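A.B. asks: predicted structure and sequence below. I'll ask about it afterward.
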Amino acid sequence: MRLSLSVVFSSLAGYLLGVDVIDLKVLTLLAFGGYFMVGASNAFNQIIEKDLDALMDRTKNRPIPAGRMSVNTAFVIASIFTLLGIIILYTINKQTAMFGAISIFLYTCVYTPLKTKTPISVFVGAIPGAIPFMLGWVAATDNFGIEPGTLFALQFFWQFPHFWAIGWFLFEDYKKGGFFMLPTGKQDKGTAGQIIRYTIWTIIVSIIPVFGFTGALQLSIVAAVIVFLLGLFMLHYALRLFKEMTEKAARQLMLVSVLYITLIQIVYVLDKFIR
């Protein structure tokens with residue numbers, strides 16, 4: 001539920017950034033379409049990983065491994081959510097439906113199988129994970145260009161420190177399921193260094209709109225300073241993880257990363273309507 005709502009929030013933020021006049025009908029369709037889209041991805045994921053989920057404390061109480069739901073029932077739900085998500089997004093425009101379908105496909109058919117094989121899975125998973133913010137802009141404009149591309153890049157780079165932080169403090173639990181989430185495969189300086197590098201890339205991308213070459217996606221100097229300071233706040237926790245190398249530090253970074261992306265999206269939207 002929390003993941004689904006965060007996806008909807010990102011999509012709506014992207015829509016508000018791209019739209020000239022807010023259409024409550026489109027806003028509602030985007031919310032429901034995005035919700036069903038991520039619901040379908042999660043449902044298929046839990047069907048595929050049902051045996052591995054049973055091995056991990058984090059996931060053993062999910063409906064299928066806990067025995068509260070059969071695989072057939074879950075498949076029906078996943079299929080219905082897929083159809084509802086794509087149909088609802090299609091009523092907004094074709095491009096929105098296309099990106100929604102790509103997101104479900106990549107998450108289910110590429111990211112999920114790769115999780116037990118290679119850390120590259122995080123790179124693949126970051127693609128569907130970055131689509132929602134971009135999806136909102138496409139829903140508002142029926143156009144893919146530099147603006148939604150920038151929104152995509154921001155959320156794409158952000159996901160690496162976010163998910164590697166999760167992979168760090170859940171390392172032992174993930175190992176039970178045979179998942180390879182950390183870039184070096186270990187809780188080491190190499191992984192912590194990668195987290196710092198991708199945090200810096202996230203900060204750089206987040207302030208690009210202030211320089212005026214991202215089309216209609218713009219950021220005032222005041223907003224850019226706020227965005228930059230939020231990035232430094234997140235970078236502080238990434239550096240703390242590098243220094244302390246503890247699960248506590250990784251968990252703190254994960255929580256800060258969620259706060260960061262939420263506040264960034266809010267600042268972007270407020271800046272557009274206040275400017």
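C.D. replies: Arrived safely, thanks for sending. Residues are numbered from 1 along each chain as shown.

A.B. asks: for the helix or strand encompassing His236, list every residue counted as buried.
C.D. replies: Per DSSP states H and E: His236 is located in helix 221-244. For helix 221-244, the neighbour count (16 or more other C-beta atoms under 10 Å) marks 223-224, 226-227, 230-231, 234-235, 237-241 as buried. Using the backbone N, CA and C atoms, a C-beta is placed for each residue, glycine as well.

A.B. asks: the helix or strand following it vs helix 221-244, what angle?
C.D. replies: With elements assigned by DSSP H and E, the helix or strand that comes after helix 221-244 is helix 247-274. Angle of helix 247-274 versus helix 221-244, following axes from the mean of the first three to the mean of the last three C-alpha atoms, to 10 degrees, is 170 degrees.

A.B. asks: helices or strands next to helix 247-274 in the packing?
C.D. replies: Of the remaining helices and strands, those touching helix 247-274 by 3 or more C-beta pairs under 8 Å, 6 or more residues apart in numbering; DSSP states H and E are helix 2-18, helix 146-169, helix 221-244.

A.B. asks: can you give me the helices for the stretch 1-150 of the chain?
C.D. replies: Taking DSSP state H, counting those that start in this stretch, the helices of the stretch 1-150 of the chain run over residues 2-18, 24-48, 50-53, 71-92, 94-105, 112-114, 120-141, 146-169.

A.B. asks: a markdown table for these, including mean pLDDT?
C.D. replies: Below are the helices of the stretch 1-150 of the chain laid out as a markdown table (pLDDT from 0 to 100):
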| stretch | mean pLDDT |
| --- | --- |
| helix 2-18 | 88 |
| helix 24-48 | 92 |
| helix 50-53 | 87 |
| helix 71-92 | 94 |
| helix 94-105 | 92 |
| helix 112-114 | 87 |
| helix 120-141 | 90 |
| helix 146-169 | 94 |
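
A.B. asks: Phe180: which of these is closest?
C.D. replies: helix 120-141 (7.0 Å; C-beta to C-beta).

A.B. asks: for that closest one, enumerate the helices and strands it packs against.
C.D. replies: Judged by 3+ C-beta pairs under 8 Å, 6+ apart, the packing partners of helix 120-141 are helix 2-18, helix 24-48, helix 71-92, helix 94-105, helix 112-114, helix 146-169.

A.B. asks: looking at the ones you listed, spot the one closest to Val269.
C.D. replies: Taking C-beta to C-beta, helix 2-18 is the member of these nearest to Val269, at 4.9 Å.

A.B. asks: contacts for that closest one?
C.D. replies: 22, 26-27, 30-31, 34-35, 37-39, 42, 132-141, 147-148, 151, 155, 216-217, 258, 261-262, 265-266, 268-269, 272-273 (C-beta atoms under 8 Å, 6 or more residues apart in numbering).

A.B. asks: for that helix, the distance to its chain's centre please.
C.D. replies: Its chain's average C-alpha position is 10 Å from that of helix 2-18, according to C-alpha atoms, centre = their mean, to the nearest Å.

A.B. asks: tell me what angle it forms with helix 120-141.
C.D. replies: Going by the same axes, to 10 degrees, helix 2-18 makes 40 degrees with helix 120-141.

A.B. asks: can you mark which positions in helix 2-18 are buried?
C.D. replies: Here helix 2-18 shows 4, 6-18 as buried, counting by 16+ other C-beta under 10 Å.

A.B. asks: relative orientation of it and helix 146-169 in degrees?
C.D. replies: Put simply, helix 2-18 runs at 160 degrees to helix 146-169, going by the same axes, to 10 degrees.

A.B. asks: would you mind measuring from Val256 to Val76?
C.D. replies: Distance of Val256 to Val76, computed by C-beta to C-beta, to the nearest Å: 39 Å.
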